[in-house]
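Enquirer: Coordinates for the following, if possible.
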Amino acid sequence: MAPSIDLPLPPPRCRAEIDLKALRSNVKVCRELAGEACGIMAIVKADAYGHGLKEVVACLSDLLDWFGVANFREALRARVAAGERSPNILILSPAIPEEIEPIVANGFSASVSVSSEVEAYAAAAARLGLKARLHVVVDTGMGRMGCQPSAFAALVEQIRQNAHCEIEGIETHFPSADEDADFTRSQIEVFQSLLQEAGPGAGCHVHLGNSAGLIEFHARTAFATLARPGLALYGVSPLPDTAVALTPVMTLKTRVTLVREIPSGAGISYGRTFVSQQPMKVATLAVGYGDGYTRHLSGKKADVLIGGRRCPVLGRVTMDQIVVDISHLSGEVKSGDEVVLIGAQGTERITVSELAEKAGTIPWEILTGITNRVERVYL
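Expert: Just a heads-up that it's a prediction; the model follows:
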């Protein structure tokens, strides 16, 4: 048996620094966009977009009354994180059958799209002697859930007539608020007309604005009582060309593990997709797709920051390591040096949006793809 020697735990090779002050600042920006009459529902699904659901909810629960999650287990985690403050928690996705009774029993709010869902929630509430808190989803163009506009009034009436249900909210979702302004405006008009026809009643929340909707269409959605920012809370605008004073919350960092000189004709990484054309100085970094640094950045002119300067990624991203070119750096680079993958170093910055564009994906996927091997450090 190997001897046990009590030594300090080495620092993480790869870490995500989460700036909680920036998070709270972004809430303020979202509130200003939404207006005084509109509250904010923080979207914290998918582990708060990779920022840590527990820590984000704990940080914001004194500021906000609503949190949005994807499923029952996320709702439980959010409630525990909020502690005694007990905010309202809306489950945004349809529930599987086994979740319905626990949702009602725990007083969580649920999104419903069809009559059979209302019946299931009503039956569970009747068994428990409680009322199901329901938000009616109307499909104005997203297509993944929600009743058709023609069925909206009947669904609202079904909930109103059931003694075991409460119509707590009406919601829809924008599929292309960051891409198609004309279609988004038409969605808003359809949603408004449905609200006027159904007249959901006093105290019923109305919400439709995601981050792009809040930034670009807040003036047209002044009738809403809640906005649902996700990406914007974490300091990333889905509309990069729109001036909004958001502060990035996450900085993703790793460390140099090895510095080498390579000759002309040396291949780098699997497939030898990069072969040096002259002698080079390269650094191996302790990050790969096993940490969430996506393999789709391979050969896409991605950079990292070392010593405040951009260093190109060479060859394919592997599970645990990448290699970068440091031939142009004047200062010494050594094992253990800090490297910024997302964030600022010196006067340079690499944004989530930049990496997403080079990887052929979206900022949401970059953030939620950062794995639990990356240690979150809360500032």
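Enquirer: hmm, who's touching stretch 291-302?
Expert: For stretch 291-302, contacts defined as CB atoms under 8 Å, 6 or more residues apart in numbering pick out 14, 50, 254, 269, 273-274, 287, 289, 312-313, 315-317, 320, 322, 341, 355, 358-361, 365-366, 369-371, 373-374. No exception for glycine: its C-beta is placed from N, CA and C like everyone else's.
Enquirer: So for the strand ranked longest in the chain, what gets flagged as buried?
Expert: Criterion DSSP state E: the longest strand present in the chain is strand 250-262. Using 16 or more other CB atoms under 10 Å as the burial criterion, the residues of strand 250-262 that qualify are 250, 251, 252, 253, 254, 255, 256, 257, 262.
Enquirer: Please tell me how far the most centrally placed residue in the chain sits from residue 129.
Expert: Most central in the chain under CA atoms, centre = their mean is residue 49, positioned 2.9 Å from the mean C-alpha point. Counting by CB to CB, to the nearest Å, the separation of residue 49 from residue 129 is 37 Å.
Enquirer: Residue 25 now?
Expert: Applying CB to CB to residue 25 and residue 129 gives a distance of 43 Å.
Enquirer: In the longest helix along the chain, which residues are buried?
Expert: As assigned by DSSP state H, the longest helix anywhere in the chain is helix 181-198. The neighbour-count check on helix 181-198 (16+ other CB under 10 Å) flags 184, 187, 188, 190, 191, 192, 194, 195, 198 as buried.
Enquirer: and what of stretch 282-294?
Expert: Those would be 282, 283, 284, 285, 286, 287, 288, 289, 291, 292, 293, 294, for stretch 282-294 by 16+ other CB under 10 Å.
Enquirer: For the fifth one, give me the pLDDT.
Expert: Yep, that's residue 286 we're talking about. At residue 286, the model reports a pLDDT of 98.
Enquirer: Enumerate every residue touching residue 111.
Expert: 90, 91, 92, 93, 94, 134, 135, 137, 145, 171.
Enquirer: what's the answer for residue 377, then?
Expert: Shown in contact with residue 377 (CB under 8 Å, 6+ apart): 15, 16, 17, 18.
Enquirer: so which helix or strand takes in it?
Expert: Using DSSP states H and E, residue 377 falls within strand 375-378.
Enquirer: roughly how far out does that strand sit from the chain middle?
Expert: How far strand 375-378 lies from its chain's middle: 16 Å, per CA atoms, centre = their mean, to the nearest Å.
Enquirer: looking at it, residue 117 is touching residue 94, isn't it?
Expert: Yes - in this structure, residue 117 is within contact of residue 94 by CB atoms under 8 Å, at 6.9 Å.
Enquirer: More neighbours: the two, which one.
Expert: residue 117 (22 against 17; other CB atoms under 10 Å).
Enquirer: Tell me what residue 314 is bridged to.
Expert: residue 323 (DSSP bridges).
Enquirer: Pretty sure it sits against residue 327.
Expert: No - with contact defined as CB under 8 Å, residue 314 does not count as touching residue 327 (10.5 Å).
Enquirer: what do those two both touch?
Expert: Listed contacts common to residue 314 and residue 327 are residue 282; contacts here mean CB under 8 Å, 6+ apart.
Enquirer: Model confidence score at residue 226, please.
Expert: 97.
Enquirer: I'd assumed residue 206 was in contact with it.
Expert: Yes - with contact defined as CB under 8 Å, residue 226 and residue 206 form a contacting pair (7.2 Å).
Enquirer: Now do the shared contacts for these two.
Expert: Common contacts of residue 226 and residue 206 (CB under 8 Å, 6+ apart): residue 169.
Enquirer: And the two? Which one has more around it.
Expert: Shown here are residue 226 and residue 206; by other CB under 10 Å, residue 226 has more neighbours (22 against 19).
Enquirer: For the more buried one, give the beta-bridge partners.
Expert: Assessed by DSSP bridges, residue 226 has beta-bridge partners residue 39, residue 207.
Enquirer: That one and residue 208, how far apart?
Expert: Distance of residue 226 to residue 208, computed by CB to CB: 9 Å.
Enquirer: Check residue 71 too.
Expert: 21 Å.
Enquirer: Neighbour count: the two, which is higher?
Expert: residue 208 (26 against 16).
Enquirer: and that one, what is it in contact with?
Expert: The contact partners of residue 208, taken as CB under 8 Å, 6+ apart, are 171, 172, 173, 174, 187, 188, 191, 221, 224, 228.
Enquirer: List the contacts of the residue nearest to the third one when sequence neighbours are not counted.
Expert: Using CB to CB, 6 or more residues apart in numbering and skipping the chain neighbours, the partner closest in space to residue 173 is residue 142 (4.4 Å). In this structure, residue 142 makes contact with 172, 173, 174, 175, judged by CB under 8 Å, 6+ apart.
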